[in-house]
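> Give me a model of this one.
(2 chains)
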Amino acid sequence: MSTPLSGPGPAQQAPGRGPVRTGSPRTTRTARNHAPITATGLAAKVILLGLVAGIAIWAAFPLVAAEKWVGLAVLVLTTAALFYLYLGRRHVPAKYLIPGTLFLIAFQVVPVLYTASTAFTNFGDGHRGSKDDAIVAIQSSSVKQVPGSTQYPLSVATKGDPATGALVFLITKPGTDTVSVGDARGLRPLDPGAATVGPGGKVTAADGYTVLNFGQASARSKDITDLVVPTAGGALRSSGLSRAYEGKAVRAYDAGCDCVKDSDSGKTWTADGEVGAFVAADGERLAQGWKVNVGLSNFTRVLTDERISGPFLGTLIWNFAFAIGSTGGTFILGMVIALALHSPRMRGTNLYRMLLILPYAMPSFAMLLVWRDMFNTDFGLINNLFGFSVDWFGQDWSARAAVILVQLWLGYPYMFLVATGALQAIPRELTEATSVDGASRWQSFRAVTLPLLLVALSPLLISSFAFNFNNFNAIYLTTEGAPFPADNPSNGATDLLITYTYRLAFGGQAAQFGFAAAISLFIFAIVAVVSAVSFRRTRQQEEVYS
Amino acid sequence: MRIRTAGVVALFALALAASGCGGDSDEPAAKDTPKATGGKLVIWADDKRTAALKPFVEKFGQENGVTVEVQAVPNEDLQNNFVTVSSQGGGPDVVIGAHDWIGNLVQNGAIDPVQLSDQQKAAFNETAVKAVTFNGQLYGVPYAQENLALIRNTELAPEAPKTIEDLVATGKQLKAQKKVTETLCLQVGQKGDAYHIYPLYTSAGGYLFGTTANGDYDPKDLGVGKPESIAAFKKIAALGEKGEGVLKRSIADTNSTATFTGKKCAFLVSGPWATADVKKAGIKYDVSAVPGFAGGKAAAPFVGVQSFYVAAKGKNKALAQEFVANYVTTPELAVALYQADPRPPALTAALDQVKSSDPDLAKFIEAGKNGQVLPAIPAMAAIWDPFGKAEAAVIGGADPTSTVTAAGKTIAGSIK
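Here you go, the predicted model:
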């Protein structure tokens, strides 16, 4: 592959520094290897490398800020390697291969590896972050106002610099001018007269303190939310920047027992590293969990869960039928039309072609929704036009026929286009030769045109198959998998594996990304096997006909 | 020669790179000066509300010397995007969304409780405060609430029906007179619609979740699949395609309102969001409560509340708390949000202010009097799909007993 791409350069470049050492052929080498340095080429190089450096610097700051040293190392190494590669004169094949390889790694390999690694975790709603995140969330969401306690007008103040000084709360007893100052050690009353209380009870000035305005205070947001002033009944905390309330964290994490204790009810939830949640003795779980490695359990669940493995085979068969029907149907229809328009006796072909391409030119998202409405039993165009009263999406086979029909309409212009192109590449002399030999039109098509078409179109058919195998929109925007058997709302007659698993992974109580990743690996395996087998067969076919 | 070209290229490239990011880094540096002292508040809202919020947050920013930025995120992505960025430790300081997100946001540690004084709470509609209370904690500040009602074409049906039976009789009469083609526009669709059928389901005696001692919904007491729910679905089946033909799968979210505005049905079950279309079509209409079955319980629509939340991972939580607890609670903002999107304000003072110019609001509130707060517990997410499909199947003529039992099993299986 690289030889034709890189042209004469690498093929004729002497290995290593050989020519340099021999001295005399140096001029030849320069002439041959020094492609002339043109202004455009140089400018392109400068701009592209400048972009690379620019992107690298732009990406470096967030990485440094987040202390992601591995990411930074990858970034620096990649950038350095790119500069080394394109500033030097050697490694010409690599110059052609590296950009594609980088994109392949970034957009194909990394996502696949990430999906694969997710499949071994319980990543999903309620299990997104780390254990520390979960503990913080549990504790902070358990802070309750002490019953019957009052709320106080609050001002945030400091004795030092507004940007760095230690903060205190200045609170006013509601309805009075009594001001207290609070910090981490507790509350102390402030001398009467030392503070000026504004309307609404907020302290506007106090002797020895700088009262922070909202701008200054909001810059110290974290310090303010972290400041807890202990009191007899609980602790004073800020509610925004102008009110303080007396609250109590009911639940607290105890590192000793690795558990969360509730001081009101006395209940304990112990950390369970297997499921990534705090679990009580009676089996109750706290909602806030964390992400853990669950090994193969997502995969075993796919294989052993009756709800999944039960309808799996039927769905798989329909999935194949749908992909083959969509691909084959559009191919046959597109090819027949292309053949008809390819006939030299056909007139007005341009007009026909333009009209035929129309469905391809319309956004398929919108068209799928339009088709869904056209199949409506009482108000749909199809029933109204033909006087039917078919409940299209209400019966298994009519729903299946409907989605394939929609696919046919959406997909044939593409097949028509590529078949037209491929037909024009087949010399007419070949078909003429068959008619000279006395072959009928069908024989000529069967023995010459179709095989030559297939050589050109097989890879497209395989990719079209792979696409339709996972054609989520075609189902989700039309039938959404319906009709569903009355006794099983999780698997419908038109469900593809991908829509079915989407419902399993995200239709329940919470999104389960780990489980969804495991299922996508199964689907990936199926599609990969089908594609590999087809490509092998195509290659054999090419050898026969070319 | 070789070295020189390479060097020149490298130098140029670096110069270009430097100039490229120079502009980039200079600008924020210049802006940083007021920001560093002022702090910055980032709010996520959907497109409509973003526009309504802008003037108010600018005022808030100017009064308090802070920068406030409202970012528009499409409503259908808002919750998911927020949870995702929050788990990465970033994201906005304040988020605006429906109250039934609370369960999921809390289990992902994405929002913090809000502490309101009793006086502040009292200014709100009681149901709205109840809706944003989860596990005994207030997690958001409500600003609007909504529920379903019966909208009727007063030219076709001058009297508000007292019961479903009344409604069916009127509808059938109109149908016989060829004035309409459908008895009732209540959206069902191929996969059902739990939200819209809920008033009938409750009137027929069904329930989704029982309640715990403190009034919260209890995910362990699932009502779907219980005898009450089967009885309720039998009544719904009687109105279905094999029965009276009042409820139909061919009436869906896409055509329900359009069929009503096209005068093909006299009754529409929908919420405040439908009134704009009805007005535009020039139809004389009135709003009343969704009627229940004769002799049954009162029909209870779901009450949903739109609310402001404080993000747990926000950079500026103190300011976010200040904004949500002390600024959002003012009537001016609630009125402006009402004007952007006509849902009844949750703040009683704001409702009083707009009630006079929009008589529908009071009627919608009245229609929601019997309403039940849409459960915010994470288990609710497991209800929608199976419940809706069971509804669609029963309306299509499937056996209620086996269908609802299967739906109950599926739901129970996906509740942790």
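> Quick check, the residue in the stretch 201-350 of chain B closest to chain A?
Evaluated by CB to the nearest CB, the stretch 201-350 of chain B has B:E322 as its residue closest to chain A, separated by 3.1 Å. In short, each C-beta sits where N, CA and C put it, glycine included.
> can I see the domain layout of the chain?
Since you didn't name a chain, this refers to chain A. A:2-14+A:39-118, A:125-141+A:255-295, A:143-249, A:307-545 (automatic domain parsing).
> switch to chain B, that's the one I care about
Split by automatic domain parsing, chain B gives B:39-146+B:304-367, B:149-300+B:377-414.
> one step back: just send the domains of chain A back as CSV, with mean pLDDT too.
Converted to CSV, the domains of chain A look like this (pLDDT from 0 to 100):
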stretch, mean pLDDT
domain A:2-14+A:39-118, 83
domain A:125-141+A:255-295, 89
domain A:143-249, 85
domain A:307-545, 88
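> Next, B:D221: secondary structure please.
Following DSSP: H, G, I helix; E, B strand; the rest coil, we place B:D221 in the strand state.
> And for it, the neighbour number?
If you count neighbours by other CB atoms under 10 Å in any protein chain shown, B:D221 ends up with 13.
> roughly how far apart are it and B:N370?
In this view, B:D221 and B:N370 are 21 Å apart by CB to CB, to the nearest Å.
> hey, where'd the helices end up in the stretch 1-150 of chain A?
Assigned by DSSP state H, counting those that start in this stretch, the helices in the stretch 1-150 of chain A fall at A:2-6, A:8-12, A:18-22, A:26-33, A:39-65, A:69-87, A:92-104, A:110-118, A:131-140.
> Kindly report the same for the stretch 201-350 of chain B.
B:227-238, B:256-261, B:275-280, B:317-321, B:331-340, B:348-355.
> Looking at the ones you listed, spot the one closest to A:V294.
Comparison of these against A:V294 by CB to CB identifies helix B:317-321 as nearest, at 32.7 Å.
> Tabulate the CA atom coordinates of the closest one in PDB.
In PDB, the C-alpha atoms belonging to helix B:317-321 read as follows (Å, rounded to 0.1, in the frame of the first residue of the first chain):
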ATOM      1  CA  LYS B 317     -21.300  27.200  45.300                       C
ATOM      2  CA  ALA B 318     -21.700  30.100  47.700                       C
ATOM      3  CA  LEU B 319     -22.800  32.400  45.000                       C
ATOM      4  CA  ALA B 320     -24.900  29.700  43.400                       C
ATOM      5  CA  GLN B 321     -26.700  29.200  46.800                       C
END
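> Convert stretch B:264-276 to PDB, retaining C-alpha atoms only.
The C-alpha trace of stretch B:264-276 is given here as PDB (Å, rounded to 0.1, in the frame of the first residue of the first chain):
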ATOM      1  CA  LYS B 264     -61.900  16.600  14.700                       C
ATOM      2  CA  CYS B 265     -62.400  16.100  18.400                       C
ATOM      3  CA  ALA B 266     -64.100  18.100  21.000                       C
ATOM      4  CA  PHE B 267     -62.000  17.100  24.000                       C
ATOM      5  CA  LEU B 268     -58.200  17.300  24.500                       C
ATOM      6  CA  VAL B 269     -56.300  16.000  27.500                       C
ATOM      7  CA  SER B 270     -53.100  18.200  27.600                       C
ATOM      8  CA  GLY B 271     -51.200  20.700  29.600                       C
ATOM      9  CA  PRO B 272     -50.600  24.500  29.600                       C
ATOM     10  CA  TRP B 273     -48.100  24.000  26.700                       C
ATOM     11  CA  ALA B 274     -51.000  23.200  24.300                       C
ATOM     12  CA  THR B 275     -53.000  26.400  24.900                       C
ATOM     13  CA  ALA B 276     -50.700  28.400  22.500                       C
END
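> ok, and does that stretch reach over to chain A?
No: against chain A, stretch B:264-276 shows no contacts by CB under 8 Å from any CB of the partner chain, the least distance being 8.9 Å.
> For that stretch, buried residues please.
B:265-272, B:274-275 (16 or more other CB atoms under 10 Å in any protein chain shown).
> swap in stretch A:295-313?
Buried, per 16+ other CB under 10 Å, within stretch A:295-313: A:297-299, A:301-302, A:307-308, A:311-312.
> can you check stretch B:405-415 too?
Within stretch B:405-415, the residues scored as buried using 16+ other CB under 10 Å are B:405-412, B:414-415.
> Equivalent analysis for stretch B:90-108, please.
Per 16+ other CB under 10 Å, stretch B:90-108 contains these buried residues: B:91-108.
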